[in-house]
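K.L.:
sequence plus the predicted model coming up.
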Amino acid sequence: MSPIDSAPATSRRYHRLDISQPAFWARDFRDRDEVFAQLRTEPGLTWHAPPPAVFPHSEPGYWAVTRHEDIAFVSRHPELFTSALGISMDPMPIELQRPTTFFLTMDPPQHTRYRRLISSAFTPKQVRRIESQIRANAAGIVGEFLADLSSGAPVDFVDSVSRKLPMRTISDMIGIDPAERDAVAQAAEAMFGSSDEEYAALAERAEFFMAQFGILHRAGTDLARLRRTEPRDDLMSAIVAAEVDGHRLTDEEVGAFMVLLASAGNDTTKQATSHAFEALVERPAQREWLLEDFDARIGGAVEEFIRWSTPVLHFARHAVSDTDVAGTRIRAGEKLVLFYCSANRDETALDDPHIFDITRTRNTHSGFGGGGAHFCLGAWLARMQLRLLFHELLTRVPEVALGKPEYVHSDFIHGVKRMAVQRV
């Protein structure tokens, strides 16, 4: 063990490669991964300075977990690495993280109970209804997109396609009033893109973040109260009625779930759609291969869409007690940041990880997390949306040319803000 590994956090030297500053996250994905690739080759974990604080909260730093194997280990041992002390890489009080992330900041058995509560609302009947709604929405969205393309002018794919399906899906599932959908979608996008100066300057980000949270939370609590008195045949009615071990969700808890669903369920699928469409347009041979047997091949293709895009770049854990990860001594209470973006380009876990390849047969990606108790609850929904939407896109949209994408400046979301598309 090196002196750095055994030193107290307050005196430990930060690694020479700074992956915490906004300037690092302003670089493109491949450029950033050249840095992560260096970290993956180093023995053990590396210690880094905290990102600039937006909230009045200070932290000593964090351990960067960059290899697929180590991320899986930390993710699958909640008894050693807790989520209850916070999951944000950025310095942020846990009192603010809990209401904005709901059961993501819980450990088993509490996390298990809440996960079962939410899962119990997804009956086979609800899932069948959701699938038919997604199929109809996907067809309608692509129809609108084709009408826009027919003018010959450039069309923003993100605004016209990517952002529409997940929000319509969530709105249909839980019954958001159509008049409120845009406001909810914009709040979700802005909340997790708040590090981008297009949304808010640094001095305004804490206030801006909480304002977006308030919009989403109020939408959820208001709808929960309404469904308790006026139930419908929709998911929100099922959620407020769900019961596990004598426990039901309160209106405040439903509001917190709404924040999670509107952000995690909306923005992640949106980003995967944009990145995957760009990748397929740039690789026509792979698009043709997929279309030769779409039903049989789309499952593996969707996994590559998610790996390639890695919409969520990281989450954090804290050590419950003194322990070891990859030969590095971690002290109780210290933060570990799990960089899924690095795991999804780890050469020891994936063949040719810098190549987009929908034909790959070994795809142990971390796009839905590192496994364990916090494996993405909405993975099935994301896969369903991508499968149904890309069926419409690939079978109906003619050859197009892409403009250069504009990316969200964020250390949390791998996002595309705008991407011009024009019919060839």
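P.N.:
Received, thanks.

K.L.:
was I right about residue 347 contacting residue 353?
P.N.:
Yes. Residue 347 is in contact with residue 353 according to CB atoms under 8 Å; the separation is 6.0 Å. Where you see a C-beta, it was placed from the backbone N, CA and C, and this is true even at glycine.

K.L.:
could you look up the SS state of the closest residue in space to residue 38 that isn't next to it in sequence?
P.N.:
Distances taken as CB to CB, 6 or more residues apart in numbering put residue 17 closest to residue 38, at 6.3 Å, once the chain neighbours are dropped. Remark: residue 17 carries the secondary structure label coil [criterion: DSSP: H, G, I helix; E, B strand; the rest coil].

K.L.:
residues in contact with residue 17?
P.N.:
With contact set as CB atoms under 8 Å, 6 or more residues apart in numbering, residue 17 has these partners: 35, 38, 39, 46.

K.L.:
mind listing which of those residues are in helices?
P.N.:
Of the contacts of residue 17, the ones assigned to helices by DSSP state H are 35, 38, 39.

K.L.:
out of those residues, which one sits closest to residue 277?
P.N.:
Within the ones in helices among the contacts of residue 17, proximity to residue 277 (CB to CB) peaks at residue 35, which comes in at 27.2 Å.

K.L.:
look at the residue nearest to the spatial centre of the chain and report its pLDDT.
P.N.:
The chain has residue 312 as the residue nearest its centroid, 3.6 Å off, counting by CA atoms, centre = their mean. The predicted structure scores residue 312 at 94 on the pLDDT scale.

K.L.:
hey, what's it bridged with?
P.N.:
Residue 312 has these beta-bridge partners by DSSP bridges: residue 413.

K.L.:
that one touches residue 339, doesn't it?
P.N.:
No. Checked against CB under 8 Å, the pair residue 312 and residue 339 is beyond contact range at 10.5 Å.

K.L.:
pretty sure residue 238 is in a helix, no?
P.N.:
Yes. Under three-state DSSP, residue 238 falls within a helix.

K.L.:
for the residue nearest to it when sequence neighbours are not counted, give its distance to residue 303.
P.N.:
Taking CB to CB, 6+ apart, and ignoring the residues beside it in sequence, residue 238 has residue 121 as its nearest neighbour in space, at 3.9 Å. Counting by CB to CB, to the nearest Å, the separation of residue 121 from residue 303 is 26 Å.

K.L.:
hmm, back to that, for the ones in helices among the contacts of residue 17, which one is nearest residue 159?
P.N.:
After measuring the ones in helices among the contacts of residue 17 against residue 159 - CB to CB - the closest member comes out as residue 35, at 31.6 Å.

K.L.:
distance of the closest residue to the closest one other than its chain neighbours relative to residue 60?
P.N.:
Leaving aside its sequence neighbours, residue 35 sits nearest to residue 17 (CB to CB, 6+ apart; 5.4 Å). Computed as CB to CB, the residue 17 to residue 60 distance reads 18 Å.

K.L.:
thinking again about what came up before, most surrounded residue in the ones in helices among the contacts of residue 17?
P.N.:
Within the ones in helices among the contacts of residue 17, neighbour counts (other CB atoms under 10 Å) peak at residue 39, which reaches 20 neighbours.
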